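Pasted the sequence and its predicted model underneath.
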Amino acid sequence: MAGFVTRDVPLTPSADEAQAWAEAELAKGIYNDEPTILERLADWLWQLWEQIVGMNSSLGPVLVPLVVLAVVGVLAVVALLLGGPVRRRRLARAGSSEVLSADDDRSAADLRAAAEAAARAGDFSRAVLERFRAIVRGMDERVILEDRPGRTAHEAAVDGGTRLPACAEQLLSASRLFDEVCYGHTAPTAADYEHLCEVDRAVGSARPQRERPAAVGAP
């Protein structure tokens with residue numbers, strides 16, 4: 001008796017089944033491996049470099065440096081945009097935090113009022129932070145410090161202590177308290193806030209040391 005040979009019968013799915021199979025296939029991870037931002041940036045830079053190399057013969061030695069300068073400008077803009085997060089991480093590693101942000105335009109009087117209100121409410125963490133900001137803003141207003149956003153508490157204490165030597169130790173102590181409170185390393189008390197008020201009054205009444213005059217003929 002002749003044997004029967006079995007063959008696979010092709011399956012013809014319906015339209016709904018075909019759509020379901022396609023959706024299941026596309027849902028697999030192999031179709032979702034999108035490049036990361038860093039990978040896209042690296043690819044873009046590589047493609048840009050290849051284009052610059054290719055233009056070397058067509059544009060000549062004059063335009064290629066201009067293109068390179070344009071690329072450097074783009075990278076500089078990217079660096080500035082990323083500078084905020086990078087600076088914050090660097091400050092965190094350095095152990096000191098920014099005192100006044102670029103968008104904080106409150107006066108020393110405003111900051112003292114905010115500190116007093118927080119102290120009356122029993123929020124001594126905010127009271128300490130605002131009072132130290134008032135100290136730094138007060139030195140800004142008296143031109144003891146340059147009005148420079150992004151200055152850390154330690155930098156403000158060192159720079160202020162240079163112009164106000166009698167208050168140098170108090171400023172350093174106050175800056176350490178500011179950093180400890182800012183990073184949540186300590187819970188300040190009413191006594192801590194009163195200490196900052198004393199530093200504020202001492203700094204406000206201190207006369208700044210005159211800067212050394214520039215030598216004759218110095219630029």
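Sure thing, it's come through. All figures in this text were calculated on a predicted structure; none of them were measured in a lab. Residues are numbered from 1 along each chain as shown.

Per the annotation, how does the chain divide into domains?
The record's domain parsing of the chain by automatic domain parsing lists 37-94, 108-205.

And the contacts of stretch 122-138?
Applying Cβ atoms under 8 Å, 6 or more residues apart in numbering, the contact partners of stretch 122-138 are 99-100, 104, 106-109, 111-112, 114-116, 118-119, 145, 151, 153, 156, 160, 171, 174-175, 177-178, 181-182, 187-190, 192-193, 196-197, 199-200, 203-204. (C-beta placed from N, C-alpha, C; glycine too.)

and the residues you listed, which of them are in helices?
Using DSSP state H, the members of those that fall in helices are 108-109, 111-112, 114-116, 118-119, 153, 156, 160, 171, 174-175, 177-178, 181-182, 190, 192-193, 196-197, 199-200, 203-204.

Only the buried subset of the residues you listed, as a PyMOL command please.
Applying 16 or more other Cβ atoms under 10 Å to the ones in helices among the contacts of stretch 122-138 leaves a buried subset, and the PyMOL line that selects it is:
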select buried, resi 108+111+112+114+115+116+118+119+153+156+160+171+174+175+177+178+181+182+192+193+196+197+199+200+203
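
where does the protein dip in pLDDT?
Applying pLDDT under 70 to the chain picks out residues 1-39, 49, 51-96, 211-219.

redo that, cut-off 50
When residues are selected by pLDDT under 50, those of the chain lie in 1-10, 29-31, 81-95, 212-219.

Show me where it has its strands.
Under the criterion DSSP state E, the chain contains no strands.
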